[in-house]
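Asker: Model the following, please.
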Amino acid sequence: MAMRKRDDDEVFPNAAGIDVGGSSHWVAVPRHLAEQAGCEPVREFGPMTDDLNAMADWLLACGVDTVALESTGVYWIPLYEVLERRGLTAWLVDARQMKYVPGRKSDVQDCQWLQKLMSLGLLRAAWRPGDEVCVVRAVVRQREVLLTEQANWVQRMQKALVQMNLQLSEVLSDVMGMTGQAIVRAIVAGERDAKTLARHRHGRVKASEHDIERALSGNWREEHLFVLGQALAMVDSLAQRVLECEAKIEALLAPLGRHEVALSGPAKRRSKNTPEFDARTALARWAGVDLTRINGLAVTTVMTILSEIGPDLGGFANVKHFCSWLGLCPGTKVSGGKVLSARTRRSTNRVRQALKLAAMSLARNDSALGAFYRRLCGRMDKPRANTAVAHKLARLVYFMLTRGEAFVDQGQQRYEEQQRERSIAALRRRAATLGFQITPTAPTPTP
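Answerer: Numbers count the residues shown, from 1 in each chain. Okay, here's the model as predicted:
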């Protein structure tokens, strides 16, 4: 027979549980608090602001001090903000922590089970950055959405060109480069002569004017020209919205720049999606360190990282907790002393995704991190090596933000020398265990 936990085993005796929904929220409070307040232990509230304030009034009247609520979509955000504003400690918990509940499924039982788990201290609160970080994060995410939409419309432009048998992608590496944009805009403006269009070729394009002219001999169907013009207009409109987001981000970062940071070293090569303003300086003044000095971390990557977690990592006990939150640590599934699986868990964490993309960019990088990535690729498959390098980048980010230290690249040659010294030391230890001694010899000169 299962033993029932006593009341003195409760960690949070005055905790409530909320089952969050789109049209209503079900709230459960401890029975002893409901009896003292002379009300039912479970109540339903609507999603309107008046309903949320009434919920907070009821919880305070019952003597509740801690509230656990599920992270359901975006419905929890207004509720979370109201509870925090009213002085209640809100715990945002992952619904996966409660999905193995036996018995029938209902909103009433969900909120009661959530309240029970919270009172016994069996739930973990999700980490959430401060308000100033959330404001920047919302605009940065909007910029990323716009860039994704812009890329989709560029693909529709390429589809319309192919349907007209205009093979620009065969002679240009980037259809939206200087040459590609000039040709597409001329086509939309009404130009049809291939020789005239080929004259828009930039001097750095490898393909000759004759090759571009051959690629522009199409059928010029009216319906595809209409789609091409519509797609180009959408690309231009989204580009304007992206500039508006960047202006907003610059205005939000200005008051957050509380540190004076001297940027050392040349700026990294500007990519297509790099913000128009001096984001490197603004982000360094906010964080107190220049994260772009880490090989592989571009300005856009650093902007994603800081907008998601902020410069203050005090919410993480140590670097291991930080890497575990990112989903970059091996999982632990052990049964009977046997390791069942050590794979990293699936995660949609944006910082994790940004770090894994940064790790992929180190494949041909002439640095210590690039050499480390290539060495791991020789020992394991590339996906696992990519995760391991992303884990190393996460540790570097953590130590730079918590210690305020600058990153100094030791170089590929120094890294390879260190690896050689470690290999020699390992061989000597192995030989000593077998009763041998290794004596280095002078290298044989090459003829």
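Asker: ok, now how distant is the spatially most central residue of the chain from Lys272?
Answerer: Nearest to the geometric centre of the chain sits Arg350, at 1.4 Å (CA atoms, centre = their mean). Applying CB to CB, to the nearest Å, the value for Arg350 to Lys272 is 20 Å. Using the backbone N, CA and C atoms, a C-beta is placed for each residue, glycine as well.
Asker: Please apply the same query to Phe322.
Answerer: For Phe322, the distance to Lys272 - CB to CB - is 31 Å.
Asker: So those two - more neighbours on which side?
Answerer: Counted by other CB atoms under 10 Å, Phe322 and Lys272 do not tie: Phe322 has more neighbours, with 24 against 9.
Asker: thinking again about what came up before, where's the residue nearest to the centre of the chain relative to Tyr80, distance?
Answerer: Distance from Arg350 to Tyr80, by CB to CB: 19 Å.
Asker: same check, this time on Val67
Answerer: 9 Å.
Asker: Which one's more surrounded, the two?
Answerer: Neighbour count, other CB under 10 Å: between Val67 and Tyr80, Val67 has more, with 29 against 21.
Asker: Secondary structure element for the more buried one, which one?
Answerer: strand 66-70 (DSSP states H and E).
Asker: ok, then the element right after that strand?
Answerer: Counting by DSSP H and E, what follows strand 66-70 is helix 76-85.
Asker: what angle do the following helix or strand past that following helix and strand 66-70 make?
Answerer: As assigned by DSSP H and E, the chain's next helix or strand after helix 76-85 is strand 89-93. Using axes from the mean of the first three to the mean of the last three CA atoms, to 10 degrees, the inter-axis angle of strand 89-93 relative to strand 66-70 is 30 degrees.
Asker: Give the burial count for the residue nearest to Leu369 when sequence neighbours are not counted, as a bare number.
Answerer: Among residues not flanking Leu369 along the chain, Asn295 sits closest, at 4.6 Å (CB to CB, 6 or more residues apart in numbering). Per other CB under 10 Å, the neighbour tally for Asn295 reads 21.
Asker: Okay, Asn295 and Arg143: tell me how far apart.
Answerer: Computed as CB to CB, the Asn295 to Arg143 distance reads 24 Å.
Asker: now swap in Ala182 and tell me
Answerer: In this view, Ala182 and Arg143 are 26 Å apart by CB to CB.
Asker: And Ala15, by the same measure?
Answerer: 38 Å.
Asker: can you check Phe226 too?
Answerer: According to CB to CB, Phe226 and Arg143 sit 29 Å apart.
Asker: neighbour-wise, which of the two wins?
Answerer: A count of neighbours by other CB under 10 Å puts Arg143 above the other of Phe226 and Arg143, at 23 against 12.
Asker: which regions of this structure sit below the pLDDT cut-off?
Answerer: Applying pLDDT under 70 to the chain flags residues 1-9, 97-104, 265-268, 442-447.
Asker: Recalculate using a threshold of 50.
Answerer: For the chain, the stretches with pLDDT under 50 are 1-6.
Asker: quick one, strands of it?
Answerer: For the chain, the strands defined by DSSP state E cover 15-19, 25-28, 42-45, 66-70, 89-93, 333-335, 338-341.
Asker: deepest of these, which one?
Answerer: strand 15-19 (a mean of 28; mean count of other CB atoms under 10 Å).
Asker: That strand: partners in the sheet, and parallel or antiparallel?
Answerer: Strand pairing for strand 15-19, determined by DSSP bridges: strand 25-28 (antiparallel), strand 66-70 (parallel).
Asker: In a markdown table, list these along with distance to Glu170.
Answerer: Converted to a markdown table, the strands paired with strand 15-19 look like this (distance: least, CB to CB, whole Å):
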| stretch | distance to Glu170 |
| --- | --- |
| strand 25-28 | 57 |
| strand 66-70 | 52 |
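Asker: if I look at Ile212, how far off is Val171?
Answerer: 5 Å.
Asker: These two: which has the busier surroundings?
Answerer: The residue with more neighbours, out of Ile212 and Val171, is Ile212; 24 against 20, by other CB under 10 Å.
Asker: Neighbours of Ser169, how many?
Answerer: Close neighbours of Ser169, defined as other CB under 10 Å, add up to 14.
Asker: from memory it sits against Gln158, does it?
Answerer: Yes: using CB atoms under 8 Å, Ser169 is in contact with Gln158, at 6.1 Å.
Asker: Now the common contact residues for the two.
Answerer: Shared contacts of Ser169 and Gln158, defined by CB atoms under 8 Å, 6 or more residues apart in numbering, comprise Val175.
Asker: Surely Gly370 touches Met360?
Answerer: No: Gly370 is beyond contact range of Met360, at 11.3 Å (criterion: CB under 8 Å).
Asker: the more surrounded of the two?
Answerer: Using other CB under 10 Å, the more surrounded residue of Gly370 and Met360 is Gly370, with 20 against 15.
Asker: Nearest spatial neighbour of Asn14, chain-adjacent residues omitted?
Answerer: Asp65 is the one closest to Asn14 (CB to CB, 6+ apart), at 4.9 Å.
Asker: And that neighbour, how close does it get to Ala16?
Answerer: In terms of CB to CB, Asp65 sits 9 Å off from Ala16.
Asker: What is the burial count for Thr433?
Answerer: Using other CB under 10 Å, Thr433 has 8 neighbouring residues.
Asker: Next, the contact list for it, please.
Answerer: No contacts exist for Thr433 under CB under 8 Å, 6+ apart.
Asker: ok, so what distance separates it from Leu427?
Answerer: For Thr433 relative to Leu427 (CB to CB), the value is 11 Å.
Asker: same check, this time on Lys333
Answerer: 35 Å.
Asker: How about Val93?
Answerer: For Val93, the distance to Leu427 - CB to CB - is 51 Å.
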